[in-house]
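Peer 1: What follows is a predicted structure for the sequence shown.
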Amino acid sequence: MKELLEVMAKSLVDCPEEVTVTQEEKGDLLVLKLRVAQSDMGKVIGKSGRIAKALRQVLNAAASRENTKVVVDIGD
C-alpha cells in the first residue's frame, strides 16, 4: 500500500523527491501519512478534493483484497 501511494503521488507532483509516505499499523487499520512540498499540495488534493478522494478510493480497493482498512492523511 505504501509503495502504491508513493508512486501515485510522485506522478502528480512537480517535486517527486520531496514525497514521503509513512505507515502505521493499528490492528487491521493501516494509516498512511503522505507528505509533499507545500507548492505541490494543491496538485495532490485537487479541486474540491477530487484527487485526494480518488487516491483514497484506489487504496481502499486495494486494501479490500487484504481485508484491511486504509486511512490516508495528506499533509506537508
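Peer 2: It's in.

Peer 1: all contacts plus neighbour counts: C-alpha atoms, from now on.
Peer 2: Will do.

Peer 1: For stretch 52-64, what does the pLDDT average out to?
Peer 2: Computed over stretch 52-64, the mean pLDDT rounds to 94.

Peer 1: what's in contact with it?
Peer 2: Under the criterion C-alpha atoms under 8 Å, 6 or more residues apart in numbering, residues 1, 4-5, 8, 44-46, 69-72 lie in contact with stretch 52-64.

Peer 1: residues of it that come out buried?
Peer 2: Using 16 or more other C-alpha atoms under 10 Å as the burial criterion, the residues of stretch 52-64 that qualify are 52, 55-56, 59-60, 62-63.

Peer 1: Of these, which belong to helices?
Peer 2: Among the buried residues of stretch 52-64, the members found in helices (DSSP state H) are 52, 55-56, 59-60, 62-63.

Peer 1: Between the contacts of stretch 52-64, identify the one with the most neighbours.
Peer 2: Val44 (24 neighbours; other C-alpha atoms under 10 Å).

Peer 1: Distance-wise, check it relative to Cys15.
Peer 2: 12 Å (C-alpha to C-alpha, to the nearest Å).

Peer 1: CA atoms of stretch 11-29 as PDB?
Peer 2: The C-alpha trace of stretch 11-29 is given here as PDB (Å, rounded to 0.1, in the frame of the first residue of the first chain):
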ATOM      1  CA  SER A  11       3.400  11.100 -10.700                       C
ATOM      2  CA  LEU A  12       1.200  14.100  -9.700                       C
ATOM      3  CA  VAL A  13       3.700  16.500  -8.200                       C
ATOM      4  CA  ASP A  14       6.500  18.700  -9.600                       C
ATOM      5  CA  CYS A  15       9.000  17.800  -6.800                       C
ATOM      6  CA  PRO A  16       8.800  14.000  -6.500                       C
ATOM      7  CA  GLU A  17      11.900  13.900  -4.400                       C
ATOM      8  CA  GLU A  18      10.000  15.600  -1.600                       C
ATOM      9  CA  VAL A  19       7.200  12.900  -1.500                       C
ATOM     10  CA  THR A  20       7.400  10.800   1.700                       C
ATOM     11  CA  VAL A  21       4.900   8.200   2.900                       C
ATOM     12  CA  THR A  22       5.000   6.800   6.400                       C
ATOM     13  CA  GLN A  23       2.900   3.800   7.500                       C
ATOM     14  CA  GLU A  24       1.400   2.900  10.900                       C
ATOM     15  CA  GLU A  25      -0.500  -0.300  11.500                       C
ATOM     16  CA  LYS A  26      -3.200  -0.400  14.200                       C
ATOM     17  CA  GLY A  27      -4.700  -3.900  14.100                       C
ATOM     18  CA  ASP A  28      -6.500  -4.200  10.800                       C
ATOM     19  CA  LEU A  29      -6.300  -0.400  10.200                       C
END
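
Peer 1: Right, I'll leave it there.
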